[in-house]
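[1] Quick one, fold the following:
(2 chains)
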2 protein chains.
Amino acid sequence: MRNVDAMIFPRWIAPVQPAGVVYREHALVIDRGKIVDCCPATTARQTYSASATYERPDHLLIPGLVNAHTHAAMSLMRGMADDLELMEWLQAHVWPAEKQWVSRDFVRDGTTLAVAEMLTGGTTCCNDMYFFPDVAAQTSADLGMRFVTGIIVLDGPSPWAADLEEYLVKGLEMRDSFRGTPLVHTIFAPHSPYTVGDEALLRVRKLADELDAPVHIHLHESAEEIEQSVARFGKRPIARLDDLGLINPQLLAVHLTQVTEEEIECLARGGARVVHCPESNMKLASGFCPVVDLVDHGITVALGTDGAASNNDLCMLGEMRTASLLGKVVSGRADALSAHETLQMATLAGARALGLDEQIGSLEPGKWADTVAIDLAALNTQPVYDPVSQLVYAASRDCVGDVWVAGRHLVVDGRLVDVDTEDLRELSARWQKRLQPFARRPENNGE
Amino acid sequence: MRNVDAMIFPRWIAPVQPAGVVYREHALVIDRGKIVDCCPATTARQTYSASATYERPDHLLIPGLVNAHTHAAMSLMRGMADDLELMEWLQAHVWPAEKQWVSRDFVRDGTTLAVAEMLTGGTTCCNDMYFFPDVAAQTSADLGMRFVTGIIVLDGPSPWAADLEEYLVKGLEMRDSFRGTPLVHTIFAPHSPYTVGDEALLRVRKLADELDAPVHIHLHESAEEIEQSVARFGKRPIARLDDLGLINPQLLAVHLTQVTEEEIECLARGGARVVHCPESNMKLASGFCPVVDLVDHGITVALGTDGAASNNDLCMLGEMRTASLLGKVVSGRADALSAHETLQMATLAGARALGLDEQIGSLEPGKWADTVAIDLAALNTQPVYDPVSQLVYAASRDCVGDVWVAGRHLVVDGRLVDVDTEDLRELSARWQKRLQPFARRPENNGE
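    As a prediction, this is how the structure comes out:
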């Protein structure tokens, strides 16, 4: 018998790799933060002796969900300004609020709230793009969640940095400082084609090439962005990035609600990856990302919630559901984006898009033990024909029972251990009062 | 001081009427199943003495949600056959399963599961269309949920009735038998244009006119339905119903994913009501209902989940979110279907569509005390700027704290009183085994 740290005995395991498979009567064996085996339960009980054993007789075990695009600290702006399109939302509410209030404290508190929500919702890794990325990453690491943080780049000054040099220097220093923190990964994050000029993009490309790191950018999110690009540069943003040499396998392009067939082929040829954020695109009326087309062209498409101010939650269960349903009706194919394919989008595709598919994204020996046990005994998930279908089309947030990241048991019976939720509520309420002047008041509000 | 049965003191009240208003520091006063007052809390405490007082300091109180279109007992088929379009789904899986298994027991058990799910999700009234409508209605009434049941009509025999005469006689008898049951309302429910012929539709129209009762029908749900109608009758279904005199204020037309501008004007002129089922339309890739257009034409649009086999839940919170997000992106207007408008669609519009808007749908004196307290202290609903925004865009199913129907406290702290959930699970599992032969097996399923 080999001694290991933990064994989980669920009712079903959906490893994601091999694709579309569901195991019954299997166990996941974990040691020193990694998966060492996924085998029949009887074999596991004969082969291993675990310090901790988790019997989960009603549960489906899946890889931890990967939220491939978010602005975590914007959780503090949840519901602050609804019913607006992207540019007006940013210019009239978000940017003015950030200009006044974004600070290390804002990012620490907002990221804490976001990570707490994400973990209890079954997300074990997120890809963040926000100010004070060092604070955001450290906050998440302290809470035990895997975090991909961005060396952000903008054309103008911000509370984080004054100019291009400072954005890059601080970002690279941050990257170095997290070398010894396995939970934190650093990539490049030039904000968007309308906030970052050619010079900065070329600098980012050079560094990304040298360090072989992903480049995370908003791209073709709205018609207005494209019109502005044509007016300013004489070409659409994808063409501009292509001319700058950025359409390559490191590119992590988010949104893509306005794309031509030629642009899809360009992205496919370049090996670029895409993050699809259906709820944000819908809420801001930005448009439809042709996900099924992208997938048909062999493009890796991951899933993200975007920030809580344009969603308005950070729930990957809901995002999977929306992605699958929207993909079917937009493509006109009821068989598009099946439950299994959608789960893969929310796990392994996210890992691949972030360059982490050898470390996370599926339940296979050698990968980190980032895993979630979903309780399918709830009334809204009866009766079960296919547990993965139930996960994607029926499970609710409260079905998330346990969450492990790198083998650490962070969520037990739906609750985050070691987090003072009352504290977090008071913290959030204080920020709400400060941000209230930037909110959009609804008509006839009796308050 | 006047003695009353109950008083609820929430943090906010969204009465829905007046529209868009949110009251703070107000109380809802209930006596003998009805709302007697909605007034400032201080006034309430001085004016009334209640047998039961509910302090809900973190909660938003709303009218109970009205699920305006479902097939409750189909909860037993949840996840049985995904990734199929409407007609193939019905013909290859649903109808064969129903032919073999639908019975009084099936409907009793399936409706029990559905009502349990709906109540704990904040739904206090649903409009059902299924076999053995008498059993379904009695089941719901026994559990305390308001239920609109249908005098169903189909062209062929079913386990419920052999022919048109029997469908009508049994249906009218059922209607009479529920006269003394305030929780149960009966309307006419000819299934669809492709399953009900002209003679039957004319008979239904006559009876509906005599009894001034709504006529609930699937209409323009798929392109195939329209093609079949043109081939068979030489006209589209709406034109056919118009020729039969059915486009009037009693019509409750469900889906409408394929409508021309002229058809919308026809429905508007006729005063017809519509039920929008976005998740079902998306899952079956049926198409997009032009909700914002319908509303702009003055048509009352209600909201429904459809059956759990094409959704796959019966959650009206999720349906509101999807309706709002989809409405914005389909119309291209980020300000369409605001949170307040969407809540109204899920409550008062549903009541109006069912002819019950004098009895339910808003928190106003004289109406039934069908109301739900939503707990907004959860992390995924922090911080709160507008509680109704939070409800529609961030709240999860587990935020439903309390549910009252006709003043009876049915759900306490998220749990259904008086229902053996373990029993219900075993019941569901037994039906799952029986229905399994009709399921669509996913590829590579390791089971």
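[2] mean confidence score for stretch A:4-17?
    Stretch A:4-17 comes out with an average pLDDT of 98.
[3] Let me see the contact set for A:Thr421.
    By CB atoms under 8 Å, 6 or more residues apart in numbering or on different chains, A:Thr421 lies in contact with A:Ala116, B:Leu379. (C-beta placed from N, C-alpha, C; glycine too.)
[4] and the gap between it and A:Cys38?
    Taking CB to CB, to the nearest Å as the measure, A:Thr421 falls 33 Å from A:Cys38.
[5] same thing with A:Met7?
    A:Met7 is 11 Å from A:Cys38, by CB to CB.
[6] Between those two, which contacts overlap?
    Common neighbours of A:Met7 and A:Cys38 (criterion: CB under 8 Å, 6+ apart): A:Ala27, A:Leu28, A:Val29.
[7] and which of those is nearest to A:Gly350?
    Proximity of the shared contacts of A:Met7 and A:Cys38 to A:Gly350 (CB to CB) peaks at A:Leu28, which lies at 19.7 Å.
[8] Wait, a strand at that closest one?
    Yes: per DSSP: H, G, I helix; E, B strand; the rest coil, A:Leu28 lies within a strand segment.
[9] Count residues in the vicinity of it, would you?
    Neighbour count for A:Leu28, taken as other CB atoms under 10 Å in any protein chain shown: 27.
[10] List the contacts of it.
    A:Met7, A:Ile8, A:Pro10, A:Ile13, A:Ile35, A:Asp37, A:Cys38, A:Leu61, A:Leu363, A:Ala369, A:Thr371.
[11] ok, now A:His297?
    Each residue near A:His297 by CB under 8 Å, 6+ apart is listed here: A:Ile264, A:Glu265, A:Leu267, A:Ala268.
[12] Out of those residues, the closest to chain B would be?
    A:Ile264 (19.6 Å; CB to the nearest CB).
[13] how near is that closest one to B:Leu354?
    Using CB to CB, A:Ile264 is found at 46 Å from B:Leu354.
[14] Just want to know which of those two has more residues nearby.
    The residue with more neighbours, out of A:Ile264 and B:Leu354, is B:Leu354; 26 against 19, by other CB under 10 Å.
[15] so A:His185 sits right up against A:Ala141, yeah?
    No: at 10.7 Å, A:His185 does not count as touching A:Ala141 under the criterion of CB atoms under 8 Å.
[16] Return every residue with contacts to both of the two.
    The contact sets of A:His185 and A:Ala141 overlap at A:Phe147 (CB under 8 Å, 6+ apart).
[17] Give me the nearest residue to A:Lys235, chain neighbours excluded.
    Excluding its sequence neighbours, the residue lying closest to A:Lys235 (CB to CB, 6 or more residues apart in numbering or on different chains) is A:Ser229, at 6.7 Å.
[18] mind giving me the domain split of chain A?
    A:2-63+A:367-406, A:65-353 (automatic domain parsing).
[19] Compare these and give me the one nearest A:Lys433.
    Here domain A:65-353 is closest among these (CB to CB), at 11.0 Å.
[20] Give me the below-cutoff pLDDT ranges for the stretch 301-447 of chain A.
    Filtered on pLDDT under 70, the stretch 301-447 of chain A yields the residue ranges A:442-447.
[21] what are the ranges of the strands in it?
    A:301-303, A:371-375, A:400-405, A:408-412, A:415-416 (DSSP state E, counting those that start in this stretch).
[22] about what we covered before: residue contacts, the residue nearest to A:Lys235?
    Under the criterion of CB under 8 Å, 6+ apart, the neighbours of A:Ser229 are A:Pro193, A:Tyr194, A:Lys235, A:Arg236, A:Pro237, A:Arg240.
[23] out of the residues you listed, who's nearest B:Ala334?
    Among those, A:Tyr194 lies closest to B:Ala334 (CB to CB), at 18.0 Å.
[24] Relative to A:Ser222, how far out is the closest one?
    Plainly put, A:Tyr194 is 9 Å away from A:Ser222 if you go by CB to CB.
[25] before we move on, what about A:Pro383?
    A:Pro383 sits at a distance of 43 Å from A:Ser222 (criterion: CB to CB).
[26] Which of those two has more residues huddled nearby?
    Between A:Pro383 and A:Ser222, A:Pro383 has the larger neighbour count (other CB under 10 Å), namely 24 against 21.
[27] my guess is that one contacts B:Ser428, does it?
    Yes: with contacts counted by CB under 8 Å, A:Pro383 reaches B:Ser428, the gap being 4.0 Å.
[28] what touches both of the two?
    Common neighbours of A:Pro383 and B:Ser428, counting by CB under 8 Å, 6+ apart, are B:Leu76.
[29] Three-state assignment for the nearest residue to A:Glu225 once chain neighbours are set aside, please.
    Closest residue to A:Glu225 apart from its sequence neighbours, by CB to CB, 6+ apart: A:Tyr194 at 5.5 Å. State at A:Tyr194, reduced to three classes by three-state DSSP: coil.
[30] got a list of what A:Tyr194 touches?
    Counting by CB under 8 Å, 6+ apart, A:Tyr194 touches A:Glu225, A:Gln228, A:Ser229, A:Pro237.
[31] Can you mark which positions in the helix or strand encompassing the first one are buried?
    What it means is A:Glu225. Assigned by DSSP states H and E, A:Glu225 belongs to helix A:223-233. By neighbour count with 16 or more other CB atoms under 10 Å in any protein chain shown, helix A:223-233 contains the buried residues A:Glu225, A:Ile226, A:Ser229.
[32] And stretch A:133-152, by the same measure?
    In stretch A:133-152, counting by 16+ other CB under 10 Å, buried: A:133-141, A:143-152.
[33] Sitting in strands, which of those do you find?
    With DSSP state E as the criterion, strands contain A:Arg146, A:Phe147, A:Val148, A:Thr149, A:Gly150, A:Ile151, A:Ile152 from among those.
[34] so the second one makes contact with A:Ala137?
    Yes: in this structure, A:Phe147 is within contact of A:Ala137 by CB under 8 Å, at 5.1 Å.
[35] Could you name every residue contacting both of these two?
    In contact with both A:Phe147 and A:Ala137: A:Asp128, A:Val184, using CB under 8 Å, 6+ apart.
[36] tell me, how many neighbours does A:Ala176 end up with?
    Wrong residue type there; residue A:176 is Asp, not Ala. As a burial measure, A:Asp176 scores 10 neighbours (other CB under 10 Å).
[37] Help me confirm that it is found in a helix?
    Yes: under three-state DSSP, A:Asp176 falls within a helix.
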